[in-house]
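Enquirer: kindly return the folded structure for what I paste below:
(chains A and B)
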Amino acid sequence: KNEVEQSPQNLTAQEGEFITINCSYSVGISALHWLQQHPGGGIVSLFMLSSGKKKHGRLIATINIQEKHSSLHITASHPRDSAVYICAVRNTGNQFYFGTGTSLTVIP
Amino acid sequence: DSGVTQTPKHLITATGQRVTLRCSPRSGDLSVYWYQQSLDQGLQFLIQYYNGEERAKGNILERFSAQQFPDLHSELNLSSLELGDSALYFCASSPTGNTIYFGEGSWLTVV
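Expert: Below you'll find the predicted structure:
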(Lines give C-alpha, C1' and ligand atoms only; values in the text may rest on other atoms or scores of the structure.)
Protein backbone atom coordinates (compact mmCIF):
# COMPACT_ATOMS: atom_id res chain seq x y z
CA LYS A 1 0.00 0.00 0.00
CA ASN A 2 1.32 3.42 -0.94
CA GLU A 3 1.54 5.97 1.82
CA VAL A 4 0.56 8.65 -0.70
CA GLU A 5 -2.16 8.24 -3.30
CA GLN A 6 -2.75 10.73 -6.08
CA SER A 7 -5.58 11.08 -8.52
CA PRO A 8 -6.03 11.25 -11.36
CA GLN A 9 -2.94 9.59 -12.85
CA ASN A 10 -3.44 11.34 -16.15
CA LEU A 11 -5.39 14.44 -16.98
CA THR A 12 -6.02 16.22 -20.26
CA ALA A 13 -7.65 19.63 -20.20
CA GLN A 14 -8.52 22.40 -22.62
CA GLU A 15 -6.76 25.69 -22.15
CA GLY A 16 -8.64 27.82 -19.66
CA GLU A 17 -10.17 24.95 -17.71
CA PHE A 18 -10.06 24.70 -13.92
CA ILE A 19 -7.99 21.71 -12.84
CA THR A 20 -7.92 19.79 -9.57
CA ILE A 21 -5.41 17.15 -8.54
CA ASN A 22 -6.00 15.23 -5.35
CA CYS A 23 -3.64 13.69 -2.84
CA SER A 24 -4.47 11.43 0.10
CA TYR A 25 -1.93 10.16 2.57
CA SER A 26 -1.93 7.66 5.38
CA VAL A 27 0.99 8.72 7.58
CA GLY A 28 1.29 11.44 10.16
CA ILE A 29 2.98 14.37 8.52
CA SER A 30 4.90 17.47 9.40
CA ALA A 31 4.47 18.96 5.92
CA LEU A 32 3.09 18.26 2.47
CA HIS A 33 4.76 19.42 -0.72
CA TRP A 34 3.43 19.83 -4.22
CA LEU A 35 6.12 19.41 -6.85
CA GLN A 36 6.10 20.09 -10.57
CA GLN A 37 8.28 18.14 -12.97
CA HIS A 38 8.56 19.24 -16.58
CA PRO A 39 9.64 16.99 -19.44
CA GLY A 40 13.41 16.85 -19.27
CA GLY A 41 13.33 16.11 -15.58
CA GLY A 42 13.70 19.28 -13.53
CA ILE A 43 11.65 19.41 -10.33
CA VAL A 44 10.28 22.59 -8.81
CA SER A 45 8.64 22.80 -5.42
CA LEU A 46 5.36 24.68 -5.83
CA PHE A 47 4.04 24.65 -2.29
CA MET A 48 4.84 23.46 1.18
CA LEU A 49 1.79 23.15 3.41
CA SER A 50 1.22 22.16 6.98
CA SER A 51 -2.29 23.59 7.27
CA GLY A 52 -4.89 25.62 5.45
CA LYS A 53 -4.43 27.04 2.01
CA LYS A 54 -1.77 28.74 -0.07
CA LYS A 55 -2.04 30.62 -3.36
CA HIS A 56 0.60 31.54 -5.87
CA GLY A 57 -0.59 33.10 -9.07
CA ARG A 58 -3.03 30.68 -10.73
CA LEU A 59 -2.11 27.85 -8.38
CA ILE A 60 -3.91 27.10 -5.14
CA ALA A 61 -3.08 24.33 -2.70
CA THR A 62 -5.21 23.24 0.21
CA ILE A 63 -4.76 20.69 2.95
CA ASN A 64 -7.15 19.10 5.41
CA ILE A 65 -5.07 17.54 8.16
CA GLN A 66 -8.01 15.74 9.79
CA GLU A 67 -9.00 14.08 6.52
CA LYS A 68 -5.36 13.57 5.42
CA HIS A 69 -6.11 15.09 2.06
CA SER A 70 -4.70 17.84 -0.10
CA SER A 71 -5.72 19.34 -3.41
CA LEU A 72 -3.83 21.33 -5.99
CA HIS A 73 -5.94 23.59 -8.16
CA ILE A 74 -4.92 25.35 -11.33
CA THR A 75 -7.18 28.13 -12.50
CA ALA A 76 -7.29 29.24 -16.15
CA SER A 77 -4.98 26.43 -17.21
CA HIS A 78 -2.40 27.08 -19.91
CA PRO A 79 -0.34 24.74 -22.11
CA ARG A 80 2.78 25.72 -20.15
CA ASP A 81 1.16 24.07 -17.10
CA SER A 82 1.64 20.72 -18.84
CA ALA A 83 3.87 18.74 -16.52
CA VAL A 84 3.82 15.98 -13.95
CA TYR A 85 2.57 17.10 -10.54
CA ILE A 86 3.79 15.12 -7.56
CA CYS A 87 2.47 15.15 -4.03
CA ALA A 88 5.06 14.45 -1.36
CA VAL A 89 4.66 14.20 2.39
CA ARG A 90 7.31 14.50 5.05
CA ASN A 91 6.56 12.47 8.15
CA THR A 92 7.50 13.45 11.64
CA GLY A 93 10.75 11.51 11.23
CA ASN A 94 11.72 13.69 8.25
CA GLN A 95 11.24 10.85 5.76
CA PHE A 96 9.54 11.64 2.48
CA TYR A 97 6.89 9.63 0.70
CA PHE A 98 5.84 10.43 -2.84
CA GLY A 99 2.73 9.95 -4.88
CA THR A 100 3.14 8.45 -8.33
CA GLY A 101 2.36 11.77 -9.94
CA THR A 102 -0.36 13.22 -12.13
CA SER A 103 0.56 13.81 -15.73
CA LEU A 104 -1.25 16.93 -16.93
CA THR A 105 -1.58 17.93 -20.57
CA VAL A 106 -3.24 21.22 -21.39
CA ILE A 107 -4.35 21.52 -25.00
CA PRO A 108 -4.49 24.94 -26.66
CA ASP B 1 18.27 28.02 -11.60
CA SER B 2 17.55 26.58 -8.15
CA GLY B 3 21.04 27.20 -6.83
CA VAL B 4 21.60 23.49 -6.22
CA THR B 5 24.40 22.08 -8.36
CA GLN B 6 24.77 18.43 -9.18
CA THR B 7 27.62 16.73 -11.00
CA PRO B 8 27.95 14.86 -13.21
CA LYS B 9 24.82 15.47 -15.26
CA HIS B 10 25.16 12.20 -17.10
CA LEU B 11 27.12 9.08 -16.28
CA ILE B 12 27.35 5.71 -17.99
CA THR B 13 29.09 2.91 -16.18
CA ALA B 14 29.24 -0.86 -16.11
CA THR B 15 27.66 -3.27 -13.69
CA GLY B 16 29.74 -3.90 -10.61
CA GLN B 17 31.36 -0.48 -10.70
CA ARG B 18 31.24 2.31 -8.14
CA VAL B 19 30.29 5.93 -8.79
CA THR B 20 30.09 9.11 -6.76
CA LEU B 21 27.48 11.79 -7.35
CA ARG B 22 28.16 15.22 -6.00
CA CYS B 23 25.82 17.94 -4.79
CA SER B 24 26.45 21.53 -3.80
CA PRO B 25 23.45 22.95 -1.93
CA ARG B 26 22.20 26.51 -2.09
CA SER B 27 24.34 28.88 -0.13
CA GLY B 28 23.40 28.68 3.53
CA ASP B 29 21.10 25.65 3.26
CA LEU B 30 22.01 23.15 5.95
CA SER B 31 19.76 20.32 4.79
CA VAL B 32 20.61 18.12 1.82
CA TYR B 33 18.31 15.42 0.49
CA TRP B 34 18.96 12.66 -2.02
CA TYR B 35 16.24 11.08 -4.15
CA GLN B 36 16.15 8.41 -6.80
CA GLN B 37 13.71 8.51 -9.70
CA SER B 38 13.36 5.41 -11.86
CA LEU B 39 10.72 4.53 -14.41
CA ASP B 40 9.31 1.65 -12.41
CA GLN B 41 9.63 3.01 -8.86
CA GLY B 42 8.90 6.67 -9.33
CA LEU B 43 10.47 9.19 -7.01
CA GLN B 44 11.93 7.72 -3.83
CA PHE B 45 13.53 9.40 -0.87
CA LEU B 46 16.96 8.04 -0.08
CA ILE B 47 18.51 10.06 2.73
CA GLN B 48 18.72 13.46 4.37
CA TYR B 49 21.67 15.19 5.99
CA TYR B 50 21.53 18.24 8.17
CA ASN B 51 24.71 20.16 8.89
CA GLY B 52 26.86 17.09 8.44
CA GLU B 53 24.70 14.65 10.37
CA GLU B 54 22.34 12.04 8.98
CA ARG B 55 18.81 13.22 9.78
CA ALA B 56 16.50 10.76 8.04
CA LYS B 57 16.83 7.60 6.03
CA GLY B 58 14.47 6.28 3.39
CA ASN B 59 14.74 3.47 0.89
CA ILE B 60 18.49 3.59 0.55
CA LEU B 61 20.20 0.32 -0.33
CA GLU B 62 23.13 -0.92 1.72
CA ARG B 63 25.28 -0.62 -1.44
CA PHE B 64 24.61 3.11 -1.36
CA SER B 65 26.05 5.58 1.11
CA ALA B 66 26.13 9.31 1.47
CA GLN B 67 27.85 11.96 3.49
CA GLN B 68 27.77 15.69 3.97
CA PHE B 69 31.05 17.51 4.38
CA PRO B 70 31.90 20.50 6.58
CA ASP B 71 31.44 22.84 3.62
CA LEU B 72 27.91 21.35 3.33
CA HIS B 73 28.38 19.73 -0.06
CA SER B 74 27.23 16.15 -0.20
CA GLU B 75 28.21 13.00 -2.05
CA LEU B 76 26.16 9.92 -2.82
CA ASN B 77 28.25 6.82 -3.36
CA LEU B 78 26.74 3.95 -5.32
CA SER B 79 28.68 0.68 -5.36
CA SER B 80 28.37 -2.77 -6.90
CA LEU B 81 26.10 -1.20 -9.45
CA GLU B 82 23.30 -3.19 -11.00
CA LEU B 83 21.23 -2.53 -14.09
CA GLY B 84 18.30 -1.62 -11.86
CA ASP B 85 20.26 1.26 -10.35
CA SER B 86 19.90 3.16 -13.62
CA ALA B 87 17.90 6.21 -12.66
CA LEU B 88 17.84 9.95 -12.26
CA TYR B 89 19.33 10.94 -8.91
CA PHE B 90 18.22 14.25 -7.49
CA CYS B 91 19.78 16.27 -4.77
CA ALA B 92 17.80 18.97 -3.02
CA SER B 93 18.51 21.44 -0.29
CA SER B 94 16.44 23.57 2.03
CA PRO B 95 16.67 26.06 4.79
CA THR B 96 15.34 24.40 7.91
CA GLY B 97 11.66 23.45 7.57
CA ASN B 98 11.10 25.39 4.39
CA THR B 99 10.72 24.94 0.66
CA ILE B 100 12.93 22.36 -0.95
CA TYR B 101 15.07 23.34 -3.93
CA PHE B 102 16.01 20.61 -6.37
CA GLY B 103 19.08 20.25 -8.50
CA GLU B 104 18.73 19.23 -12.14
CA GLY B 105 19.67 15.66 -11.37
CA SER B 106 22.34 13.20 -12.38
CA TRP B 107 21.37 10.65 -14.99
CA LEU B 108 23.01 7.31 -14.23
CA THR B 109 22.97 4.55 -16.79
CA VAL B 110 24.37 1.18 -15.80
CA VAL B 111 25.17 -1.09 -18.73
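Enquirer: identify the bridge partners of the most centrally placed residue in chain B.
Expert: Taking CA atoms, centre = their mean as the criterion, residue B:34 is the residue nearest the geometric centre of chain B, at 3.5 Å. Here residue B:34 sits in beta bridges with residue B:47, residue B:91, going by DSSP bridges.
Enquirer: and chain B, which residues reach chain A?
Expert: Taking CB under 8 Å from any CB of the partner chain as the test, the list of chain B residues beside chain A reads B:2, B:33, B:35, B:37, B:42-45, B:48, B:55-58, B:88, B:90, B:92, B:97-102, B:104-105, B:107. The C-beta positions use only the backbone N, C-alpha and C, and glycine is treated the same way.
Enquirer: hang on, the earlier thing: how far away is the residue nearest to the centre of chain B from residue A:15?
Expert: 37 Å (CB to CB, to the nearest Å).
Enquirer: do the same with residue A:6
Expert: 23 Å.
Enquirer: and these two? which has more neighbours close in?
Expert: Neighbour totals were compared for residue A:6 and residue A:15, and residue A:6 leads with 21 against 13 (other CB atoms under 10 Å in any protein chain shown).
Enquirer: which residue is the nearest non-sequential neighbour of the more buried one?
Expert: Distances taken as CB to CB, 6 or more residues apart in numbering or on different chains place residue A:99 nearest to residue A:6, at 3.6 Å, with adjacent residues excluded.
Enquirer: and what of residue A:14?
Expert: Distances taken as CB to CB, 6+ apart place residue A:107 nearest to residue A:14, at 5.6 Å, with adjacent residues excluded.
Enquirer: low-confidence bits of chain A, can you list those?
Expert: The model of chain A has pLDDT under 70 over residues A:1.
Enquirer: quick one, helices of it?
Expert: With DSSP state H as the criterion, chain A has no helices.
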